[in-house]
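I would like the atomic coordinates for the input below:
(chains A, B and C)
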Amino acid sequence: MKLKSLIRHETFLALMLVTALIVLAFQSDRFFTVSNLLNQGRLMTEVGLIAIAMTFVIATGGIDLSVGSILGLVAILTGVFWNNIGLPLPFAAIAAIFVGTMAGFGNGIIITRFGVPPLIATLATLALYRGLAEGISQARSVRGYPDWFYVLGQRDVLGVPTQLWILMAVAVIASVILAYTTWGRTVYAIGSNEVASRFSGLSVEKTKLALYTLSGFAASVAAVIFVSRVSTTRSDMGSGIELDAITAVVLGGTSIYGGRGTVLGTVIGLCLIQALKNGLSLAGVKGDGTIMLIGAVLILAILASNIFERSGTRN
Amino acid sequence: MRNTVLTAILALSLSTSASYAQSPWTGADDLPTNPLACDGTPAAAASMPYDGGVPTNAPDRKGKTIKVVDVPKLVGIGYFNATSKGIADAAAEMGNMEAKTDGPSKANIDDQITLIDNYITSGVDGILFAANDPVAIAPVLKKALAAGINVVGYDANSEPDARQWFVNQAQFNGIAKAMVDSMAAEVGEDGAFAIVTSTFTTPNQARWIAEMQAYQSKCHPNMKWLETVEAQEDNILSFNQANTLINKYGDELKGIFGMTSVATPAAADAVTQAKQCGNIAVVGLATPNAMKPYVNDGCVKSVVLWNPVDLGYAAAYVLRAVADGTLEPGATSVNAGKLGDLSVINGSEILLGAPTVFTKDNINDFDF
Amino acid sequence: MTVNQASIGATPSRSGFLRRIAVEYGQELIVFSAIIALFIVVSIVNPRFISANNLTTIFAGNAYIAVAAIGMSMVIITGHIDVSVGALIGVLATISGSLAVAGYPIWFAWLAPVLVGMAINSFIGILVAYARIPSIVVTLGAMSILRGGLISVTGGDWITDLPSGFMIAQKRFFDIPAPLIFMVVLTVLAALWMRHTPFGRSLYAIGGNKEAALATGIPIARRTVMVFAIHGAFAGLATILFATQLQVIQSTVPPNLELTIITASVIGGVSILGGTGTVIGSTMAAILFATIGSALIFVNVSAYWLRAVIGLLILATVLADMWRRRAKS
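Numbering: from 1, shown residues only, chains lettered A, B, ... in the order given. Below you'll find the predicted structure:
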């Protein structure tokens, strides 16, 4: 692992973020305010949670495309367990999160036990889990949650949106785990060379199983927060969120081939995307212009990072 | 391989025999329905108190130039281009409204919420919206009201207390009646039909299907619903789905309902290419421009829609009236420029009028 | 039905030639068996399933997915991926339709999407091969740019009044629908090319073992750009079928088209790790999906459960392939 090159990409990205913040602040005086920035934190929590888990998955050289569908499934189950089966809402949410985590575990089993490449396995479960969400819900929404439930998605704790606390806590814990624990090093080792890791006695299969389970768990927690934020459940929730999460992860410098990447990079990548979406909108750029610019930034950031990193020999 | 076999069997065991008379049509929602009288007698309008929301500390905007953003369900489809044009026309006519349309590129609840949130921060005076989900959009609209912004919906409603007024293009039961009556006129009282819709989760479509079922069982009890298929907002998929229905039911299928402006022309094309014009009727919601080829060559007899340009135009006028304080809770009508006075229904909704049924005789008079 | 499946599995062991086919085209055989099984079961339930009209709907109506999946398979075999192809097809359809309506010669309206597709994808290929940006990054970015650009430029206006000569997907030659001919001819040509030309075979080498490919003197970077360009050409050909099917062109990006195309490629046996797979497999997988989609309507699977069943069938196909590979090794 080349620690230097890692730091270089993140420094570069952080510089881009600062530049973006400054430029956007000059474009609109409503951009760089505490309330606006905190509000952006609220809006990016779901994709943030998923992207952090995705960082681990991609660092092993894998990918999880089914997260959006797991999000939809858990959202639907939260509503169905509570409304149709009659569980108290906290238990309904926990039960739904459990099922979503098991859905992630299912991905892990298909990938590790059956040896199906992650992209294929999660492409298949992407269709399956979304289908289950639609079938179980019969396309009906569940609404009318009790008021306390909205604390999670729509209220503040100590002046900061509730879910932002969760995102920050998860980001800190995840970056410590990835950077400083044996387990984190195992993740990088698998991504750098899976065969060698296996021969050197690392528990490759167990680690991968745990990661896909965690990815399912992250998508499930994101689902409950999402339901609380928008106060309804629909089976099409979270469709396409996997690409947003992957964009943040690769923008953050995680190699899609595995072996390198940091949670910090992912978080900076997330903030950059969110800042662009929000700031450009405030500056009067329309949504279609904004997504074009984000696409260009993604390519240019990785391109620039490759150019600066002269020793660009790995692929 | 055994798995394939097992799942194929599972597929069969999941089969449901097509229709029990009582079970709801696939794609209908579970809200109560209110079918109109078969002969078209207007329902006695129960007067309801105002149930919309009120902005907090809205500044006095009377007569001042206001900045308005229009957030449709998605941009890039003909229908919302038309509403957006109506809004722009009205703004130009009034001279004291700056209107801009910006919406998500996919009909996605989250993107729409994020956009509206950004416009609240940027400090607009008014928001016009067409909701992708009535409940999901409510928190962000309430936030707009709390920030003193005037909020008016059109096309697709939110929960009433999350906005001030909603411009209703046509009541759900009115659309349902026009659709089912047109179909009955073409296929007869004992004809069988199928439905092509976008997705089952789209609220307006689900409402129309439910109202169509209620009206059909009340007024055309011998017609037979076969099934509903999903086709996203994708015209090739709609075309393939319509073809599959034609192939599956053969002579039994007498009509296809298209529930969206994407599905209807695609269904008409499927019928045309299958050389079933005259044998299979297509009735649906669609914009006239997309339907002209099929109506002009006689394959489609009736297209149901309100005028979306008028809808956007009316929405802009309503927003102006709210900002000026001339439209207040309890009002019974509002002036909408060239459209004249529109009446208030259901507490806080403004009715555009009855849906238009486009036929060969009048479709070429419209351009949207 | 079990009998039928067993007999397909058992036949190859009777002769060496068939065994070689079974080993070499294992995944294709599984997909093929699944298609046959579906056809048998569903046509017992409802014989109209195998009527000529329905076969046309299944094969011709979805041929554009199979054609796009050919190019996608080449990209994936080389060890790359392209998630922007759905957006690209949307853009190319708009270009092609606009040219046809503007009165340019029909052949030009057909040629333009192929050329523009090649140009755009060559650029993507250059970024991948020479700037060394992973293909998923480039194409994620390209997807946003193309999607946003399409809406910005067209504003979402539909293209209508297309000249009737433009509608090649509606034509028939010798009473065979044109899209079907496109699909079969392109698949066969691509398969032969990949199998019997040095260039075609080099793609497997690049995807399978880059160092070895480099050592044998294969110009990897140049070949990568060319593969993306060829993929662009197939996207252009798919666009022609896509845009000429109906009398209107919806100038938006069809939802999830890229996912459908990628799924067809990988389920058809193209290894996402690169190095293996055939375009025959991807075409058959595209047919399998179309068959499943139609079959489930014919056997009256509840429309709400349709997508779950499709997901289950995809998973079953994938697991069956893994089971086959294990049994082999």
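
please enumerate the helices of the stretch 201-315 of chain A.
A:204-230, A:241-251, A:263-282, A:287-308 (DSSP state H, counting those that start in this stretch).

let me have these in a markdown table, extended by distance to residue A:96.
Where C-beta positions appear, they are placed from N, C-alpha and C, glycine not excepted. A markdown table is the format used below for those (distance: least, CB to CB, whole Å):
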| stretch | distance to residue A:96 |
| --- | --- |
| helix A:204-230 | 7 |
| helix A:241-251 | 17 |
| helix A:263-282 | 25 |
| helix A:287-308 | 31 |
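
the ones you listed: which one's closest to chain C?
helix A:287-308 (2.9 Å; CB to the nearest CB).

do that closest one and chain C meet?
Yes - with CB under 8 Å from any CB of the partner chain as the criterion, chain C is reached by helix A:287-308 at A:287-292, A:294-299, A:302-303, A:306.

check stretch B:183-203 too.
Yes - counting by CB under 8 Å from any CB, chain C is contacted by stretch B:183-203 at residue B:200.

next, the buried residues of the helix or strand hosting residue C:27.
Taking DSSP states H and E as the criterion, residue C:27 maps to helix C:26-45. Going by neighbour count (16 or more other CB atoms under 10 Å in any protein chain shown), the buried part of helix C:26-45 is C:26-35, C:37-39, C:41-43.

likewise stretch C:67-85?
Across stretch C:67-85, burial judged by 16+ other CB under 10 Å covers C:67-85.

return the residues of the stretch 51-200 of chain B in contact with chain C.
When proximity is defined as CB under 8 Å from any CB, the stretch 51-200 of chain B approaches chain C at B:75-78, B:80-81, B:105-106, B:200.

go again using 10 Å as the cut-off
Proximity of the stretch 51-200 of chain B to chain C, by CB under 10 Å from any CB of the partner chain, involves residues B:74-81, B:84, B:101, B:103, B:105-107, B:194, B:197, B:199-200.

secondary structure class for the residue of the stretch 51-200 of chain C found nearest chain A?
The nearest approach of the stretch 51-200 of chain C to chain A comes at residue C:144, 2.9 Å away (CB to the nearest CB). Recorded secondary structure, residue C:144: helix (DSSP: H, G, I helix; E, B strand; the rest coil).

who's in contact with it?
Neighbour list for residue C:144: A:243, A:247, A:288, A:290-299, B:105, C:84, C:87 [criterion: CB atoms under 10 Å, 6 or more residues apart in numbering or on different chains].

and residue A:38, how far is that from chain B?
Residue A:38 is 11 Å from chain B, where distance means CB to the nearest CB, to the nearest Å.

repeat for residue C:291
Distance from residue C:291 to chain B, by CB to the nearest CB: 11 Å.

list the contacts of that residue.
Contacts for residue C:291 (CB under 10 Å, 6+ apart) come out as C:34-39, C:42, C:49, C:55, C:58-59, C:62, C:284, C:313.

now do the phi/psi pair for it.
With angles defined as degrees, to the nearest 10, residue C:291 sits at phi -60, psi -40.

could you do the one 10 residues further on as well?
Residue C:301 has phi and psi values of phi -70, psi 140 when expressed as degrees, to the nearest 10.

how many neighbouring residues does it have?
By the criterion of other CB atoms under 10 Å in any protein chain shown, residue C:301 has 22 neighbours.

tell me where the model's unsure across the stretch 151-300 of chain C.
By pLDDT under 70, the weakly predicted segments of the stretch 151-300 of chain C are C:269-276.

for residue A:203, grab the count of nearby residues.
14.

and the residue nearest the centre of chain C, how far from residue C:203?
When CA atoms, centre = their mean is applied to chain C, the residue found nearest the centroid is residue C:69 (1.7 Å). For residue C:69, the distance to residue C:203 (CB to CB, to the nearest Å) stands at 15 Å.

and residue C:88, by the same measure?
Going from residue C:88 to residue C:203 by CB to CB gives 20 Å.

okay, those two: which has more neighbours?
Neighbours were counted for residue C:88 and for residue C:203 using other CB under 10 Å; residue C:88 has more, 32 against 29.

what about the helices in the stretch 101-250 of chain C?
C:106-129, C:135-154, C:178-196, C:198-208, C:210-215, C:220-243.

closest to residue B:301 out of those?
helix C:220-243 (27.7 Å; CB to CB).

for the contacts of residue C:144, which ChimeraX command selects only the ones that are buried?
Buried residues among the contacts of residue C:144 (16+ other CB under 10 Å), as a ChimeraX selection:
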select /A:243,247,288,290,291,292,293,294,295,297,298,299 /B:105 /C:84,87
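
would you map the strands across the stretch 251-368 of chain B?
Remark: strands assigned in the stretch 251-368 of chain B by DSSP state E, counting those that start in this stretch are B:253-258, B:281-285, B:302-305, B:333-335, B:341-345, B:349-351, B:356-358.

closest to chain A out of the ones you listed?
The closest of those to chain A is strand B:253-258. By CB to the nearest CB, the value is 17.2 Å.

how about the CA coordinates for the closest one, as PDB?
This file holds the C-alpha atoms of strand B:253-258, laid out as PDB (Å, rounded to 0.1, in the frame of the first residue of the first chain):
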ATOM      1  CA  LEU B 253     -59.000  -8.400 -26.100                       C
ATOM      2  CA  LYS B 254     -61.100  -5.600 -27.400                       C
ATOM      3  CA  GLY B 255     -59.400  -2.600 -25.900                       C
ATOM      4  CA  ILE B 256     -56.300  -1.200 -24.200                       C
ATOM      5  CA  PHE B 257     -56.200   1.700 -21.800                       C
ATOM      6  CA  GLY B 258     -53.000   3.700 -21.800                       C
END
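
tell me the angle of that strand relative to strand B:281-285?
Here strand B:253-258 points in a direction 20 degrees away from that of strand B:281-285 (axes from the mean of the first three to the mean of the last three CA atoms, to 10 degrees).

could you list the buried residues of strand B:253-258?
For strand B:253-258, burial by neighbour count (16+ other CB under 10 Å) applies to B:253-258.

now swap in stretch B:318-333 and tell me
Of all the residues in stretch B:318-333, those buried under the rule 16+ other CB under 10 Å are B:318-324, B:327.

end-to-end on that stretch?
Length of stretch B:318-333, first residue to last, CA to CA, to the nearest Å: 10 Å.

so what's the residue of chain B found nearest chain C closest to, chain neighbours aside?
Using CB to the nearest CB, the single residue of chain B nearest to chain C is residue B:76, 3.2 Å away. Nearest residue to residue B:76 in three dimensions, chain neighbours excluded: residue C:156, at 3.2 Å (CB to CB, 6 or more residues apart in numbering or on different chains).

list the contacts of that neighbour.
By CB under 10 Å, 6+ apart, the neighbours of residue C:156 are A:288, B:74-81, B:84, B:103, B:105, C:150, C:250-252.

restricted to helices, list those.
A:288, B:78-81, B:84, C:150 (DSSP state H).

so which of these comes closest to residue B:304?
Taking CB to CB as the measure, residue B:304 lies nearest residue B:79 of those, at 13.2 Å.

quick check: what element follows the helix or strand where residue A:39 lies along the chain?
Following DSSP H and E, one finds residue A:39 within helix A:34-59. Downstream of helix A:34-59, the first helix or strand assigned by DSSP H and E is helix A:67-79.
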